[in-house]
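Asker: the following comprises the amino acid sequence and a computationally predicted model.
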Amino acid sequence: MVHLERTALSAIRRAAVYVNTGKKPLSEIVEEQQPDIALTAAFYDPGAWRPVCPVKADGEILFADREYNYWAVAWDSGADAAEVLVPPGGACGRANYVANCLLVRQGTPQPKLYYNADVAGRRGRVAVGLTDTEWITYGASDGSGDACTPEACRDYMARQGCRFAVMMDGGRKVNLYVRAAGVMMEGKDPSQTLILLWLRDDGNKEEKPVSDQTHVVLDAGHDAGNLANKSPDGTYFEHEFALDMAKRIRDHLERCGVAVTETRPDGSAVSLAQRCSVANGIVGLDLFVSLHSNAAGGSGWSSARGWSAYIYGAGGAREQAAQAILTRVRETGTAVRSAPIVYDPALYVLKHTAAPAVLIEHAFHTNAEDAANLKDGSWRASVAEAEARGITDHLGVAWVPETSQETPGPDSAPTEAEQAVAWITEQGIMQGNEAGDLMLDAPLTRRQYAVMEYRKHLLGLQ
Ligand SMILES: [Zn+2]
């Protein structure tokens, strides 16, 4: 698994370097220190059980390099975290620092990374990044598809908008805990040093909505003004479709009592990282659904068509969700791909959201028939309802039908016609046929009219 946590610097109450003299596993340190975030810090020598990169904790230099300058994440309180150059000998005005393999500086991915060969290759990784306002914690567990090379880790952190980023120790020592997200990655080996963060009670920890309600994030794909994803004839734009579908599905889900958060609620531009950050910021999020239309071929029309759903990999809640949605979509009779559920661990939003995630490719906007559907309001309405139903099926939420205008609910006042029918039958002026059917929409003959007038006369009503 991979986890990215963005923490506002202003939300950090205290940050500390924890020296793990007792070689304790992460869970024990968390239990004892009660941090909000804990992560592996410096490289260390497993034989000597000491750091091999410059580290300073609470004013005490734990390790200093005699020859080289190192870039470090440094701080006094934590809220003031910034990059510093630690000179040979380790003298630095800050109370704490952790230096390690520099990945990004001044927003620029470093062209060459400096690390020992034993750290190379695809491994689990931990990294810390800083933006002007955020502390970014990254961890990817070992032996998973998310394990990566230091260079891939660098590129990933650069894409998160880090002004500065440092890779920490990893491999068997990927130890990462994020309380708010329920993340506990415990490496096979303990970490010799860790960074612990405690957040303010009124900090972003508290801003995260804790959902007792079933909660779904709807992600309208692409940004407003994106002109690249369109039909070959330029009459359809994917960003507009995705936003419209998000609104339609949202209305259905909210009617059924599901809390809905949209990553792109309006005509704006939102990065992929921000979309995931919205989802990862919701504690107990049940499902993330990204809405798109598909494309194939070059710039012209192509024959590929049909609905499909993409998930990170087989199994689990994500596959159940995709299947439930697919079942309802099939009922609408819309064209579905022959292999409608696709496993794709490379899709960004599937990879970087902690909650089960499904990305729907509704149809191909590069196929003439599909594009006509994608533009059609009634097709959108029927597919959006089917998808909302699939989502509620999966989440075990009862479906609340839409109240139509023809059948007013029990609370609405009777119409004048209904009042008139009630009165005229009570008086016995109109009685219906032998079966008691009033045949309200059938034409009235002159004979029937005469009978009704006669009854009114007998009743003294006229
Ligand atoms: Zn798309």
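Answerer: Yep, it's here.

Asker: would you mind checking which helix or strand in this protein has the lowest mean pLDDT?
Answerer: helix 204-207 (a mean of 43; mean pLDDT, DSSP states H and E).

Asker: beyond that one, next helix or strand please.
Answerer: Sequence-wise, the next helix or strand downstream of helix 204-207 (DSSP states H and E) is strand 215-220.

Asker: which outside residues touch that next one?
Answerer: 209, 239, 242-243, 245-246, 249-250, 253, 258-264, 275, 278-279, 282, 284-291, 349, 353, 355, 391, 395 (CB atoms under 8 Å, 6 or more residues apart in numbering). C-beta coordinates here come from the backbone N, C-alpha and C atoms, glycine included.

Asker: can I get that strand as CSV, trimmed to CA atoms?
Answerer: Output of strand 215-220 as CSV, limited to C-alpha atoms (Å, rounded to 0.1, in the frame of the first residue of the first chain):
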residue,chain,number,x,y,z
HIS,A,215,-19.9,8.7,2.6
VAL,A,216,-18.9,8.7,-1.1
VAL,A,217,-16.5,10.9,-3.0
LEU,A,218,-17.5,11.7,-6.6
ASP,A,219,-14.6,12.7,-8.8
ALA,A,220,-15.6,14.5,-12.0
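
Asker: report the distance from it to the chain centre.
Answerer: Remark: strand 215-220 is offset 7 Å from the chain centroid, using CA atoms, centre = their mean, to the nearest Å.

Asker: what lines up beside that strand in the sheet?
Answerer: When pairing is defined by DSSP bridges, strand 215-220 lines up against strand 259-262 (parallel), strand 287-294 (parallel).

Asker: elements contacting the next helix or strand along the chain from it?
Answerer: Using DSSP H and E, the helix or strand that follows strand 215-220 towards the C-terminus is helix 238-255. Here helix 238-255 touches strand 215-220, strand 259-262, strand 287-294, helix 377-395, going by 3 or more CB pairs under 8 Å, 6 or more residues apart in numbering; DSSP states H and E.

Asker: list the buried ones in helix 238-255?
Answerer: Across helix 238-255, burial judged by 16 or more other CB atoms under 10 Å covers 238-246, 248-250, 252-253.

Asker: that older thread, going by mean pLDDT, which of the helices and strands packed on helix 238-255 comes out lowest?
Answerer: Of all these, mean pLDDT reaches its minimum on strand 259-262 (a mean of 92).

Asker: right, and the helix or strand after that strand?
Answerer: Moving toward the C-terminus from strand 259-262, the next helix or strand (DSSP H and E) is helix 272-280.

Asker: among the strands paired with strand 215-220, show me which one is buried the most.
Answerer: strand 287-294 (a mean of 26; mean count of other CB atoms under 10 Å).

Asker: in the stretch 301-450 of the chain, which spans are strands?
Answerer: With DSSP state E, counting those that start in this stretch as the criterion, the stretch 301-450 of the chain has strands at 307-311, 336-343, 357-364.

Asker: the ion contacts on the stretch 151-300 of the chain?
Answerer: Residues of the stretch 151-300 of the chain that fall close to the ion, judged by CB under 5 Å from the ion: 221, 292.

Asker: tell me which residue in the stretch 151-300 of the chain sits closest to the ion.
Answerer: residue 292 (3.4 Å; CB to the ion).

Asker: go ahead and confirm residue 235 touches residue 375.
Answerer: Yes: with contacts counted by CB atoms under 8 Å, residue 235 reaches residue 375, the gap being 6.8 Å.

Asker: which one's more surrounded, these two?
Answerer: Higher neighbour count among residue 235 and residue 375: residue 375, with 15 against 11, using other CB atoms under 10 Å.

Asker: check contacts around the more buried one.
Answerer: Taking CB under 8 Å, 6+ apart, we find residue 375 in contact with 235-236.

Asker: mind checking how far it is from the ion?
Answerer: For residue 375, the distance to the ion (CB to the ion, to the nearest Å) stands at 16 Å.

Asker: ditto for residue 419
Answerer: Between residue 419 and the ion the distance, using CB to the ion, works out to 53 Å.

Asker: neighbours of that residue, how many?
Answerer: Other residues lying near residue 419 total 11 when counted by other CB under 10 Å.

Asker: equivalent analysis for residue 434, please.
Answerer: If you count neighbours by other CB under 10 Å, residue 434 ends up with 6.

Asker: need the pLDDT of it.
Answerer: Value for residue 434, per-residue pLDDT: 73.

Asker: likewise residue 237?
Answerer: pLDDT, residue 237: 95.

Asker: columns distance to residue 436 on top of the buried residues of helix 238-255, output as TSV?
Answerer: Below are the buried residues of helix 238-255 laid out as TSV (distance: CB to CB, whole Å):
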residue	distance to residue 436
238	56
239	57
240	53
241	51
242	53
243	52
244	47
245	47
246	49
248	42
249	44
250	45
252	38
253	42
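
Asker: now the most centrally placed residue in the chain: how far from residue 355?
Answerer: Central residue of the chain (CA atoms, centre = their mean): residue 279, 3.3 Å from the mean position. Per CB to CB, to the nearest Å, residue 279 is found 6 Å from residue 355.

Asker: overlap in contacts of these two?
Answerer: Taking CB under 8 Å, 6+ apart as the contact rule, residue 279 and residue 355 both touch 217, 285, 288.

Asker: domain-wise, how is the protein divided?
Answerer: According to automatic domain parsing, the chain is divided into the following domains: 2-207, 215-395, 416-458.

Asker: which among the ones you listed is found nearest to residue 403?
Answerer: Closest approach to residue 403 among those (CB to CB): domain 215-395, 8.9 Å.

Asker: can you measure across the closest one, start residue to end residue?
Answerer: Start and end residues of domain 215-395 are separated by 9 Å (CA to CA, to the nearest Å).

Asker: do stretch 92-109 as well
Answerer: One end of stretch 92-109 sits 24 Å from the other (CA to CA).

Asker: buried ones in it?
Answerer: The neighbour-count check on stretch 92-109 (16+ other CB under 10 Å) flags 92, 94-105, 109 as buried.

Asker: let me know the closest of those to residue 68.
Answerer: Among those, residue 99 lies closest to residue 68 (CB to CB), at 9.5 Å.

Asker: test of understanding: give the bridge partners of that closest one.
Answerer: For residue 99, the beta-bridge partners are residue 72 (DSSP bridges).

Asker: dump stretch 385-392 to PDB, keeping only the CA atoms.
Answerer: Output of stretch 385-392 as PDB, limited to C-alpha atoms (Å, rounded to 0.1, in the frame of the first residue of the first chain):
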ATOM      1  CA  GLU A 385     -29.500   6.500 -11.800                       C
ATOM      2  CA  ALA A 386     -28.200   2.900 -12.500                       C
ATOM      3  CA  GLU A 387     -24.800   3.800 -11.200                       C
ATOM      4  CA  ALA A 388     -26.200   5.400  -8.100                       C
ATOM      5  CA  ARG A 389     -28.300   2.300  -7.500                       C
ATOM      6  CA  GLY A 390     -25.300   0.100  -7.900                       C
ATOM      7  CA  ILE A 391     -23.400   2.300  -5.400                       C
ATOM      8  CA  THR A 392     -26.300   2.000  -2.900                       C
END
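
Asker: picking up where we left off before, just checking, the residue nearest to the centre of the chain touches residue 286?
Answerer: No: Residue 279 lies out of contact with residue 286 (CB under 8 Å); the separation is 10.6 Å.
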